[in-house]
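Test case, fold it:
(one chain, ligands or ions: 1)
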Amino acid sequence: MHGRLYNQATFHIALRPRTPLLIKAGQGQEALDPTLPDMSFVRTLRGGTGEPREEIFIPGSSLRGVVRAHAERLLRTVKPGAACNPLVRDPQKSGTLRPACSPEGRNEDEDDEGRQSRAGAPQAYQQSCYACRLFGNTSIASRVRFSDFFLAGAGEAAAAGVPAPLTETRYGVAIDRVTGAVAHGPFELETVTDALFTGLVEVRNFTVGQFGLLAAALLDLSDGYVAMGYGKSRGLGLVELIFLNLKLRYGPRTPLEPRRLWGVGDLAPAEVLEAYGLRKLAQHDHLEIDAPAGDSQTASSGELTTAPRFLATIELKGEQVRSLLEKATSRWVEEVQ
Ligand SMILES: [Zn+2]
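Residues are numbered from 1 along each chain as shown. Alright, predicted model coming up:
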């Protein structure tokens, strides 16, 4: 199913910390600049117009990790087997860790990245749990991609009412649980207290249920039910997500009513649905997109345009995105059960 594009949803998201946030730099990176705290925020070199300089950012893998872990938690509350235990020992591969639902052993059909070729893909998909079908495992590619989130430009941040990035150094100690004495520290933590980061989250060839599960995880993160980064247990790492826009694109098999969220169940041909075990979704893998609210700002959005690679592109903005996400959240529960 990855060989062809049926649908694609691209979220343009701004992320703003609600409580101090620390995404730790990797081992060794701190040593580059001796003036940075012991545990400093991860940085990257960015060019822009002037000299390249070091800037804080949020790696896509950090966001992906927290969204996947929460999606798995949601799945397990509805149906324990819907998300596999990602870390079981594989006896055939000298005890290496692999997702529980990933087919055992290596297959001769695998491509360079160790994933099965198209011939084996439908089988691997059917054997994988609901979480792995969306986020991937060693046998099937992920349907979701998270870009790195970089600091928004000064103009964009000011328009959102966010000041220049604010960081602060805090002090932490580790307490020995037996003696109650300080086991390690004090050490310095560099947290970001306010900043606006922007990036993309993209999902392709999804069912409406898979879109809904991603939506539920993103909304819970934005509403403060999930924290990210270091110090979650002490209240660090709560963030707000601002959904700037959502672009929905459909491949050549777009149905006649484009103002809907269409899942692969209504877009892929019958033989593909059969191979992937998705036949029960046919005819009802879609969701109406509510008409934009009456204000003039959103009235022009949600319109259909054509793009060369895609038959149809629909763009939703701001509150329209959030209302579609909220509407979609119930769909994963139906699909999992
Ligand atoms: Zn799995």
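
all contacts plus neighbour counts: C-alpha atoms, from now on.
Fine.

and the stretch 1-150 of the chain, which residues reach the ion?
Contact residues, the stretch 1-150 of the chain versus the ion (CA under 5 Å from the ion): 84, 101, 129, 132.

Of the residues you listed - the most surrounded one?
Within these, neighbour counts (other CA atoms under 10 Å) peak at C132, which reaches 27 neighbours.

pLDDT wise, what is it at?
In this model, C132 is scored at 93, pLDDT.

From P163, how far out is H70?
Separation of H70 from P163 (CA to CA, to the nearest Å): 30 Å.

And the two? Which one has more around it.
Shown here are H70 and P163; by other CA under 10 Å, H70 has more neighbours (22 against 13).

Name the SS class of the closest residue in space to that one that isn't next to it in sequence, please.
Using CA to CA, 6 or more residues apart in numbering and skipping residues adjacent in sequence, the residue nearest H70 is A217, 6.1 Å away. Using DSSP: H, G, I helix; E, B strand; the rest coil, the structure places A217 in helix.

Among the residues of the stretch 1-150 of the chain next to the ion, which has the minimum pLDDT value?
Among these, C101 has the weakest pLDDT, 73.

The chain: helices as residue ranges?
60-78, 121-127, 130-135, 154-159, 208-222, 264-267, 270-276, 296-299, 319-336 (DSSP state H).

Show me what residue of the stretch 151-300 of the chain gets nearest to the ion.
Nearest to the ion, among the residues of the stretch 151-300 of the chain, is Q210, at 14.0 Å (CA to the ion).

what pLDDT does G114 get?
Looking at G114, the pLDDT reads 49.

what does T254 give?
Looking at T254, its pLDDT is 60.

And N85, by the same measure?
Reported pLDDT at N85 in the predicted model: 78.

start the count at 399, not 1, going forward
Okay, using 399 as the starting number, the last item reads as N483.

that older thread, can I assume the residue nearest to H468 is in contact with R471?
No: A615 is not in contact with R471 according to CA atoms under 8 Å; the separation is 9.5 Å.

Between these two, which is the more surrounded one?
Each of A615 and R471 has its neighbours counted (other CA under 10 Å); A615 has more, 23 against 17.

how about low-confidence regions in the stretch 499-648 of the chain?
500-517 (pLDDT under 70).

Repeat the analysis, applying 90 as the threshold.
Scanning the stretch 499-648 of the chain with the threshold set as pLDDT under 90 gives 499-522, 524-525, 535-539, 551-554, 556-558, 561-562, 568-586, 631-632, 647-648.

where along it do the strands fall?
542-544, 547-549, 564-573, 580-592, 595-602, 637-648 (DSSP state E, counting those that start in this stretch).

export the ones you listed to JSON lines and tack on distance to G458?
Formatted as JSON lines, the strands of the stretch 499-648 of the chain follow (distance: least, CA to CA, whole Å):
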{"stretch": "strand 542-544", "distance to G458": "5"}
{"stretch": "strand 547-549", "distance to G458": "7"}
{"stretch": "strand 564-573", "distance to G458": "20"}
{"stretch": "strand 580-592", "distance to G458": "17"}
{"stretch": "strand 595-602", "distance to G458": "8"}
{"stretch": "strand 637-648", "distance to G458": "14"}
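
how about TSV for those strands, with mean neighbour count added?
Shown next, in TSV, are these (neighbours: other CA atoms under 10 Å):
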stretch	mean neighbour count
strand 542-544	19
strand 547-549	21
strand 564-573	14
strand 580-592	17
strand 595-602	21
strand 637-648	22
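
most centrally placed residue in the protein?
With distances taken as CA atoms, centre = their mean, R462 lies nearest the centre of the chain, 4.5 Å away.

how about that residue, what does it touch?
Going by CA atoms under 8 Å, 6 or more residues apart in numbering, R462 touches 543-544.

what do you get for A469?
Contact analysis of A469 by CA under 8 Å, 6+ apart lists 529, 611-612, 614-615.

swap the cut-off to 7 Å and go again
By CA atoms under 7 Å, 6 or more residues apart in numbering, A469 lies in contact with 611, 615.
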